[in-house]
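# prediction below, plus the sequence it came from.
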Amino acid sequence: RRYSIDPDRIFIMGHSMGGAGSWFVGLRHPDRFGSITPIDAAMGFGNAADVPANVPDWMQPQVALFRPDNYFPNARNIPVFMKNAGNGIQKTSTRFSDGVVAEGGFATMESFPGMPHYWAPQMSFSIFTSAAVLQPINRRPAEVKFFTNTLRYNQAYWVTLDRLVRHNADARVTATFDDGKPRRQPGRGRQPEPDRAPTLTVTTENIDALTLRLAEASVPANVPVALTVDGVAVSPGLLPAVAHLVQCDGRWQLASAPAHSGKRHGVQGPIGDAFNARFLAVYGEGDLPLARAELDAIRNPPSQLMIHGEFPLKAAARVTAEDIAGSNLILFGSAQTNPLIARLAPKLPAPLMAAAGEGSTVVFIYPNPENPARYVVIWTGPVLSTKLDVPLKAGWMMPINLLPDFLVVRDGKVAEAGHFDRDWK
């Protein structure tokens, strides 16, 4: 917006935790970057970004989003250049480059013998930019592969996931357009192979609605293309430029519009997602200490991680219609102390509100009944600023990102935790 930058020549590179960040950001949004260069990335091999296996079931979906191996399919169309410090974290490992190549992507691994994890002053990262910027973003790949378990990350190239069968469970799609033209030139004396009819083949796991923008996949508009989804023929003829697919009674079919459920991109949870967009923390009468303690625990957990800056904080009595329209609301307190919670309570999940009324600490995320495009998070007591029986710790993940859709705490113990279904039930 502010600088003259070619939108097709944007690349991502990072070192250590930034290397892990370049991996996760780049592969959650593979169509936004021309390449990924993780430099001795802090992930894998028992280091801080590897996650213990004994986390509770309700934490597993959040942890899965930070397991680097899950993202190998997403690198199908984006080059990955692993730069390893021989005396650092990755050393001579080819784990991540091998995983990308196994999914049909392009990756290299370069190890620098004896190099410590912190490269300076021996070497500048600038030497890696020449390879990183060679290729622009691949805008029209013939094949798209994508992993996710949340509609927060639901798009790659010409494929958009509109609805999951089960939210917070692994989902995967592979969409392949074959134009039918021979891939190899014939040798001397060999007859050219005849063209075949073009095909579009889609396979899915845990997905029952998606949209294909076929013009972006170079699918011709005036030629019949045989469409097959999960092994079943859906259409033998001309396909629309934008094809909406939905599964009804176990069969895929073309639809006139995208199919959504209550959980959709941008309003799908879990609790930490409310902090991924503009938000406002709101406290009721006597709830300011709770709000400050929990916000401080979000900003500065007991680790090397921290968030700089102050979080926006306002008394419930001062919240405006503009705040409700433009922000996710983090509501601290109870229906007795916070008038916004009292006002929304009849339209919030009754069992959770009842548990809060009985003295349990309850934290949950839900579409704001007064603005369903935004969230409310009800936060009735200490969770992050106190010690629970279940440690909120997994690798480098911020504790706020380990929370599910809802959490009920009694006497310092997690009594109930989990995720709403795709209709927020």
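Right, received. Where do you want to start?

# ok, now which ones touch the residue lying closest to F275 once chain neighbours are set aside?
Nearest non-adjacent residue to F275, counting by CB to CB, 6 or more residues apart in numbering: I400, 6.3 Å away. Glycine gets a C-beta too; all of them are placed from N, C-alpha and C. Counting by CB atoms under 8 Å, 6 or more residues apart in numbering, I400 touches 271-272, 275, 298, 384.

# how many other residues sit next to C248?
Using other CB atoms under 10 Å, C248 is surrounded by 11 other residues.

# okay, it: pLDDT?
Note on C248: pLDDT of 93.

# likewise for G26?
98.

# A helix includes it, no?
Yes. According to DSSP: H, G, I helix; E, B strand; the rest coil, G26 belongs to a helix.

# pull the number of nearby residues for the closest residue to it other than its chain neighbours.
Using CB to CB, 6+ apart and skipping residues adjacent in sequence, the residue nearest G26 is I36, 3.9 Å away. Residues near I36, counting by other CB under 10 Å, number 27.

# how about D389?
For D389, the count of nearby residues is 10 (other CB under 10 Å).

# so what pLDDT did the spatially closest residue to it that is not a sequence neighbour get?
In this structure, D389 finds its nearest non-sequential neighbour in K413, 4.5 Å apart by CB to CB, 6+ apart. With respect to pLDDT, K413 scores 96.

# what bridges to K413?
Following DSSP bridges, K413 is listed with bridge partners R410.

# ditto for the one 5 residues further on
Counting by DSSP bridges, G418 forms beta bridges with F406.

# can you get me a residue count around it?
Neighbours around G418, by other CB under 10 Å: 16.

# what's the answer for Y3, then?
Residues near Y3, counting by other CB under 10 Å, number 4.

# before we move on, what about R1?
Residues within reach of R1, counting by other CB under 10 Å, total 3.

# got the contact list for the nearest residue to I10 once chain neighbours are set aside?
Computed as CB to CB, 6+ apart, the closest residue to I10 that is not its neighbour in sequence is F33, at 5.8 Å. Residues near F33 by CB under 8 Å, 6+ apart: 10-12, 26, 78, 137.

# is it possible to export these to CSV including distance to N206 and neighbour count?
What follows is the contacts of F33, written out as CSV (distance: CB to CB, whole Å; neighbours: other CB atoms under 10 Å):
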residue, distance to N206, neighbour count
I10, 30, 14
F11, 31, 22
I12, 28, 21
G26, 23, 25
I78, 23, 28
I137, 28, 19
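
# helix, strand or coil for the residue nearest to P136 when sequence neighbours are not counted?
Distances taken as CB to CB, 6+ apart place D8 nearest to P136, at 4.1 Å, with adjacent residues excluded. Of the three states, D8 takes coil under three-state DSSP.

# wait, D8 touches V133, no?
No. Using CB atoms under 8 Å as the test, D8 is too far from V133 to be in contact (11.1 Å).

# which residues do those two both contact?
G34.

# can you give me phi and psi for P346?
When read as degrees, to the nearest 10, the backbone of P346 gives phi -60, psi -20.

# ah, wrong one, I meant G266
Main-chain dihedrals, G266, degrees, to the nearest 10: phi 90, psi -20.

# low-confidence ranges in the stretch 51-200 of the chain?
Residue ranges of the stretch 51-200 of the chain with pLDDT under 70: 51-53, 183-192.

# rerun at 80
Under the criterion pLDDT under 80, the flagged ranges of the stretch 51-200 of the chain are 51-54, 183-195.

# for it, which segments count as strands?
80-87, 107-116, 143-148, 155-156, 159-164, 171-178, 199-205 (DSSP state E, counting those that start in this stretch).

# check which residues of stretch 229-244 are buried.
Neighbour counts over stretch 229-244 (16 or more other CB atoms under 10 Å) mark 229, 234-235, 239, 243-244 as buried.

# ok, stretch 63-79 next?
Per 16+ other CB under 10 Å, stretch 63-79 contains these buried residues: 63-68, 70-79.

# circling back to that earlier point, of D8 and V133, which one has the most company?
With neighbours defined as other CB under 10 Å, D8 and V133 compare such that V133 has more, 15 against 11.

# how close does the residue lying closest to the more buried one once chain neighbours are set aside sit to F125?
Distances taken as CB to CB, 6+ apart place F11 nearest to V133, at 5.7 Å, with adjacent residues excluded. Using CB to CB, to the nearest Å, F11 is found at 12 Å from F125.

# how about T211?
The gap separating T211 from F125 is 38 Å, by CB to CB.

# these two: who's more crowded?
Set T211 next to F125 and count neighbours by other CB under 10 Å: T211 wins out with 21 against 16.

# I'd assumed the more buried one was in a strand, is it?
Yes. Assignment of T211 by three-state DSSP places it within a strand.

# that one contacts A243, correct?
Yes. Using CB under 8 Å, T211 is in contact with A243, at 7.0 Å.

# I'd say the residue nearest to V133 and S22 touch.
No. In this structure F11 lies outside contact range of S22 using CB under 8 Å: 9.3 Å.

# show me the shaky parts of the stretch 201-350 of the chain.
Regions of the stretch 201-350 of the chain meeting the criterion pLDDT under 80 cover residues 301-309.

# find residues that contact each of F11 and S22.
Common contacts of F11 and S22 (CB under 8 Å, 6+ apart): 36-37.

# ignoring the adjacent residues along the chain, who's closest to V408?
In space, V408 comes closest to E416 once its chain neighbours are excluded; the distance is 4.1 Å by CB to CB, 6+ apart.
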